[in-house]
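Chemist: from the sequence below, what's the structure:
(chains A and B, ligands or ions: 2)
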Amino acid sequence: MSAVVIVGASHAGVQAAASLRQKGWQEGIVLLSAEGDYPYHRPPLSKAYIAGEKDEEQLLLRAPDFYRDQGIDLRLNEPALSIDPHARQVVTASGRLDYGKLVLATGSKARTLPLPGAEARGIHTLRSIADARHLRSSMQDAENIVIIGGGFIGLEFASTAVKQGKSVVVLEAQERLLTRALPERLSAFIGGYHTAKGAMFRYGALPERYTTTDDGRVSGVQLGDGTTLPADLVLVGVGGIADMALIEPLELKTIAGGIEVDAHGLTSAPDIYALGDVAAFHNAYANGAMRLESVQNAVDQAKSAAEHIAGGNAPLGAVPWFWTDQYDLKVQMAGLPRPGTTELLRGDPESGAFSILQMEGDRLVAAYSVNRAADHMASRKLIAAGQSIDQRMAADIDTPLMKAVAVAAVS
Amino acid sequence: MSEAITIKFETSGGEQIEVQARPGVSVMEAAVMNNVGGIEAECGGACICATCHVYCDNLEDGTVGEMSSEEDDMLDMASAERRPTSRLSCQLRVSEKLKDAVFIIPENQF
Ligand SMILES: Cc1cc2nc3c(=O)[nH]c(=O)nc-3n(C[C@H](O)[C@H](O)[C@H](O)COP(=O)(O)OP(=O)(O)OC[C@H]3O[C@@H](n4cnc5c(N)ncnc54)[C@H](O)[C@@H]3O)c2cc1C
Ligand code: FES
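Modeler: Ligands and ions are numbered 1, 2, ... in the order given. Modelled structure (predicted):
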């Protein structure tokens, strides 16, 4: 019995199944999903889907027939309930499944805030299509929206809500947006852009409780300083937590809030892999162990693991990348923030198109581009190559970023 | 609902697949919804992965609309050879103009 059982059918799980077939894996593949919908792209949930620009069919990762044609036994609404590592079985409501290899792709869950009043209607998190459906219909009648957490999901939702003419207040516990993910200059730019469009920000603001109406709907968010912001809809966007509900009997090593894996996605236990949001590994680009919540990471890790399961060797080495869309801003990130870098500004933020390059000595280690796709793509190549670049040329917006390396290489 | 439009994909093996696509969806989405292999579309149409590359060989200039500078830059990253007819299928909208268009899928997307 050497079937692969994959727990979780989203970006990582579906890619692992598809790549296993591409690599010629002949044995069974069972793909268990806790959700009832065919697997879908998650990023549009807070972007085109919530804005009403895409419908559910446009979000599909693969057509329903794909799974059947590829011999992938996708079981919707059949979550893994527990895992028995001694019997090498996964338990679901319909019985026990033997596994030769086990792939954990359970992703992350939205962190919630256990404040008084949190059970009121009108308080949302956004992680799944079910959440998005609910949020999309509730926002139609909402007037005053409070978003707790100025992270990517909160800001994307804010941009859609502002465009729909809602009053939007974003509460951010830190003194600026996206402290860990973005350079200060970029978070200031994004905050300023939102403010100009009409969103309001409260920095350093901590919500204490929700106020509610007599019939159990949220009516406001009370802050630590006693003020209450009126709200008929609240989105709590305070980050994700790896979903490790099943792992206790497996005795897996964990690190940085996730299941520790190597460059093949292999955990500390033989024949057990972990991929995507739930996995943490020593990332050479960040110079430390971390979890990455991104489509690129889920997909690339799944490819490496599929290769390994099928007997090959393709360790993860891709440069991490990520994007967020807010209003007409396309923000694209390559590489990961590291301590002790210096920054170069390429282009003028006033113009609405620029990049911030983070350098370690004369090597590019991370790049943050706003409406500068060419810089983003060049950065992915330059970071991967680890070549020296000419800083003066890199800072000159009229010189293609790729050129900055060519010259440095010959000189 | 507006009428479905017939568009075609040609696999790298030369096989033609005809699909019915809703106007307004992207050519990439039409391929995915109809289970056409070879269009990976890892980023789901965000124009940042270049794994939805197609060649639009039988289309007259202008039929599929202008390319944004973003798409242009991204095409340079595509894994298969870039040709004058290269496009990213997530950036092309299905419309009456694309009736009977053939989109050729490159051998590899990554
Ligand atoms: C609203 C939103 C916007 C985002 N925007 C972007 C973006 O712009 N760019 C980007 O790169 N990334 C974005 N992300 C992050 C990206 O979607 C995630 O990194 C990615 O989905 C991770 O994939 P995954 O397969 O590891 O986990 P998930 O997508 O979290 O999927 C895990 C799946 O496993 C299921 N599961 C859990 N437990 C079990 C069980 N016991 N049995 C069976 N199934 C189980 C879950 O129900 C879920 O379906 C966004 C995420 C969200 C929520
Ligand atoms: S789907 Fe990613 S660029 Fe087209």
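Chemist: buried ones in the worst-scoring helix or strand of chain B on mean pLDDT?
Modeler: Within chain B, no helix or strand scores below helix B:69-75, which has a mean of 91 by mean pLDDT, DSSP states H and E. Within helix B:69-75, the residues that qualify as buried are B:70, B:71, B:72, B:73, B:74, B:75, counting by 16 or more other Cβ atoms under 10 Å in any protein chain shown. To be clear about C-beta, it is placed using only N, CA and C from the backbone, and glycine gets the same treatment.
Chemist: quick one: contacts of it?
Modeler: With contacts defined as Cβ atoms under 8 Å, 6 or more residues apart in numbering or on different chains, helix B:69-75 is touched by A:330, A:373-374, A:376-377, B:47-50, B:53, B:67, B:82, B:86-88, B:91.
Chemist: what about the helix or strand following that helix and chain A, any contact?
Modeler: Toward the C-terminal end, the helix or strand that comes next after helix B:69-75 (DSSP states H and E) is strand B:86-88. No. Where contact is defined by Cβ under 8 Å from any Cβ of the partner chain, no part of strand B:86-88 touches chain A; the two come within 11.2 Å at best.
Chemist: okay if I get the buried residues of helix B:69-75 as CSV plus distance to residue B:106?
Modeler: As requested, the buried residues of helix B:69-75 are exported to CSV (distance: Cβ to Cβ, whole Å):
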residue, distance to residue B:106
B:70, 20
B:71, 16
B:72, 17
B:73, 18
B:74, 14
B:75, 11
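Chemist: okay, those residues in a markdown table with distance to ligand 1 next?
Modeler: Below are the buried residues of helix B:69-75 laid out as a markdown table (distance: Cβ to the nearest ligand atom, whole Å):
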| residue | distance to ligand 1 |
| --- | --- |
| B:70 | 15 |
| B:71 | 18 |
| B:72 | 22 |
| B:73 | 18 |
| B:74 | 15 |
| B:75 | 20 |
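Chemist: list the residues that contact residue A:161.
Modeler: Residue A:161 sits next to A:139, A:142, A:145, A:147, A:168 when contact means Cβ under 8 Å, 6+ apart.
Chemist: for it, identify the helix or strand it belongs to.
Modeler: Here residue A:161 is assigned to helix A:152-163, by DSSP H and E.
Chemist: mean confidence score for whatever helix or strand residue A:303 lives in?
Modeler: Residue A:303 belongs to helix A:295-309 when assigned by DSSP H and E. Mean pLDDT, helix A:295-309: 97.
Chemist: how deep is the residue of chain B found nearest ligand 1 tucked in, by neighbour count?
Modeler: Residue nearest to ligand 1 within chain B: residue B:46 (6.9 Å; Cβ to the nearest ligand atom). Using other Cβ atoms under 10 Å in any protein chain shown, residue B:46 has 20 other residues around it.
Chemist: quick one: it from residue A:226, how far?
Modeler: Per Cβ to Cβ, to the nearest Å, residue B:46 is found 42 Å from residue A:226.
Chemist: tell me, how many residues neighbour the residue nearest to the residue of chain B closest to ligand 1 when sequence neighbours are not counted?
Modeler: Nearest non-adjacent residue to residue B:46, counting by Cβ to Cβ, 6 or more residues apart in numbering or on different chains: residue A:323, 5.7 Å away. Residues near residue A:323, counting by other Cβ under 10 Å, number 23.
Chemist: and for residue A:130?
Modeler: Neighbour tally, residue A:130, other Cβ under 10 Å: 11.
Chemist: that one and residue A:45 touch, don't they?
Modeler: No. Residue A:130 lies out of contact with residue A:45 (Cβ atoms under 8 Å); the separation is 10.1 Å.
Chemist: dump stretch A:392-405 to PDB, restricted to CA.
Modeler: Taking Å, rounded to 0.1, in the frame of the first residue of the first chain, the C-alpha atoms of stretch A:392-405 are listed here in PDB:
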ATOM      1  CA  ARG A 392      24.100  54.100  -8.900                       C
ATOM      2  CA  MET A 393      22.600  52.400 -12.000                       C
ATOM      3  CA  ALA A 394      20.100  50.500  -9.900                       C
ATOM      4  CA  ALA A 395      18.800  53.700  -8.400                       C
ATOM      5  CA  ASP A 396      18.400  55.300 -11.900                       C
ATOM      6  CA  ILE A 397      14.800  54.700 -13.000                       C
ATOM      7  CA  ASP A 398      15.700  55.300 -16.600                       C
ATOM      8  CA  THR A 399      18.200  52.400 -16.700                       C
ATOM      9  CA  PRO A 400      16.600  49.000 -16.800                       C
ATOM     10  CA  LEU A 401      17.400  47.200 -13.600                       C
ATOM     11  CA  MET A 402      18.800  44.200 -15.400                       C
ATOM     12  CA  LYS A 403      21.400  46.500 -16.900                       C
ATOM     13  CA  ALA A 404      22.800  47.400 -13.500                       C
ATOM     14  CA  VAL A 405      24.200  43.900 -13.200                       C
END
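Chemist: which strands or helices does the helix or strand just after the helix holding residue A:303 pack on?
Modeler: Following helix A:295-309 in sequence order, the next helix or strand is strand A:321-326 (DSSP H and E). Under the contact criterion of 3 or more Cβ pairs under 8 Å, 6 or more residues apart in numbering or on different chains; DSSP states H and E, strand A:321-326 touches helix A:152-163, helix A:184-197, strand A:329-335.
Chemist: now check strand A:321-326, is it near ligand 1?
Modeler: Yes. Using Cβ under 6 Å from any ligand atom, we find that strand A:321-326 touches ligand 1 at A:322, A:323, A:324.
Chemist: that strand: partners in the sheet, and parallel or antiparallel?
Modeler: Next to strand A:321-326 in the sheet, as set by DSSP bridges, lie strand A:329-335 (antiparallel).
Chemist: from the contact counts, what lies against the next helix or strand along the chain from the strand it pairs with?
Modeler: Going down the chain from strand A:329-335, the next helix or strand is strand A:342-346, by DSSP H and E. Other helices and strands packing on strand A:342-346, by 3+ Cβ pairs under 8 Å, 6+ apart, are strand A:354-360, helix A:391-394.
Chemist: how about the shortest one: buried residues?
Modeler: Under the neighbour-count criterion of 16+ other Cβ under 10 Å, helix A:391-394 has A:391, A:393, A:394 buried.
Chemist: distance check, the residue positioned nearest the centre of chain B against residue B:13.
Modeler: For chain B, residue B:89 is the residue whose C-alpha lies nearest the centre (Cα atoms, centre = their mean; 2.8 Å). The gap separating residue B:89 from residue B:13 is 18 Å, by Cβ to Cβ.
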